[in-house]
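# Just the structure for this:
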Amino acid sequence: MKKFQQIIGYKEIAAAVDLPINEICNLIDPKDLSELTFRYLEKNEILEVEDKVQSTLNDIALPKAGADRLDTWEQGWSEILVNIRSEGVTRKTLTPQYFHHNTFRYAGRYIQSETYDFEQNLFEIFRTIIVKKYLETAGHIVELGCGTGINLFLISKILKNTKLTACDWSEASQQIISHINLSLKEKIVPINLNLLTLKGWENIEINSTTAILTFHALEQLGANTELLIAAIVDAKPQICVHIEPIIELYDLRNEFDKKAHSYHIKRNYLKGFYSSLIRLENSGKIKLLKVKRTEFGSKFHEAYTIIVWKVV
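Residues are numbered from 1 along each chain as shown. Here you go, the predicted model:
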């Protein structure tokens, strides 16, 4: 029987998000760390994972991010909608289908978690820290690519009096938000928005008290981010916060990172976004407040890099 003797505690979380331990202690509850137990994979298991990763990289039918995936997301969120209608609105029913793994990348090694809730629990910690650290002064939070609405569902429990807007290109997503509103007696504003064309952008209210938020949403844009970045800069929100896969931060001298980089390219995930932000900072138009690779992700890549910036 495998022993799960490793834990992610305050020290590890502080290192992942680049904040002092005492600040992390004030931002998250000890019970939030209680299920973050794991073990490092043994040599034979690592070889099996590497074979799986290489097989996936060789798969010519591997889906690519982009406009062609809209029907897939519509179908996926429609499945969530059916579950919500029968079982009600909960953290469990709102959890996207892809949170069902127990093998991950962490701090340069492959690990196996003790439970299948590990990723969702760790993500919730990252999200809570970001909300309390960067969003508490925002009068309005706009999530772009909100999917099932689970992020705003959980954020509404932390920031009880903050206006929330949920944007997604899926019509099923807007219906899910309506169910969340009925359940929580909240008024999260649902908006149909295509992040590639920005159709629907004109319906979003953005001003100097607005925070722009994305969690694993920009990855679907591939290299097509310039239109969105320009729109955000023109809108001049208070702050922008992202948890996304950032290809520029992989170290291609490292074989572990090279595999993630190759997978990122294979899936046509986010490219050029961080480089564009660097150029904007160099030209004096924005200020990057935090760029931190948490070094956590699926067995294939890392989708949990934190970027925080503002227009100046």
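
# so what secondary structure elements neighbour the lengthiest helix in the chain?
Across the chain, the longest stretch assigned as helix under DSSP state H is helix 70-87. Judged by 3 or more Cβ pairs under 8 Å, 6 or more residues apart in numbering; DSSP states H and E, helix 70-87 is in contact with helix 91-94, helix 171-184. From N, CA and C alone the C-beta is placed, and that goes for glycine too.

# tell me the most buried of those?
Of all those, helix 171-184 has the most neighbours on average by mean count of other Cβ atoms under 10 Å, namely a mean of 19.

# send the alpha carbons of it over as PDB?
Output of helix 171-184 as PDB, limited to C-alpha atoms (Å, rounded to 0.1, in the frame of the first residue of the first chain):
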ATOM      1  CA  GLU A 171     -25.000  30.000 -23.600                       C
ATOM      2  CA  ALA A 172     -25.200  27.200 -21.100                       C
ATOM      3  CA  SER A 173     -22.800  29.100 -18.900                       C
ATOM      4  CA  GLN A 174     -25.300  32.000 -18.700                       C
ATOM      5  CA  GLN A 175     -28.000  29.600 -17.700                       C
ATOM      6  CA  ILE A 176     -25.800  28.100 -15.000                       C
ATOM      7  CA  ILE A 177     -25.200  31.600 -13.600                       C
ATOM      8  CA  SER A 178     -29.000  32.100 -13.400                       C
ATOM      9  CA  HIS A 179     -29.300  29.000 -11.300                       C
ATOM     10  CA  ILE A 180     -26.500  30.200  -9.000                       C
ATOM     11  CA  ASN A 181     -28.400  33.500  -8.600                       C
ATOM     12  CA  LEU A 182     -31.500  31.700  -7.600                       C
ATOM     13  CA  SER A 183     -29.700  29.400  -5.200                       C
ATOM     14  CA  LEU A 184     -27.600  32.100  -3.500                       C
END
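
# What pairs with the next helix or strand along the chain from it, parallel or antiparallel?
Per DSSP states H and E, helix 171-184 leads on to strand 189-192 as the next helix or strand towards the C-terminus. As defined by DSSP bridges, the strand partners of strand 189-192 come to strand 163-168 (parallel).

# Can you pull out the residues in contact with the partner strand?
77, 139-147, 149, 152, 155-156, 173-174, 177, 186, 188-193, 200, 204-205 (Cβ atoms under 8 Å, 6 or more residues apart in numbering).

# Swap in 7 Å and give it another go.
139-147, 149, 152, 155-156, 177, 188-191, 193, 204 (Cβ atoms under 7 Å, 6 or more residues apart in numbering).
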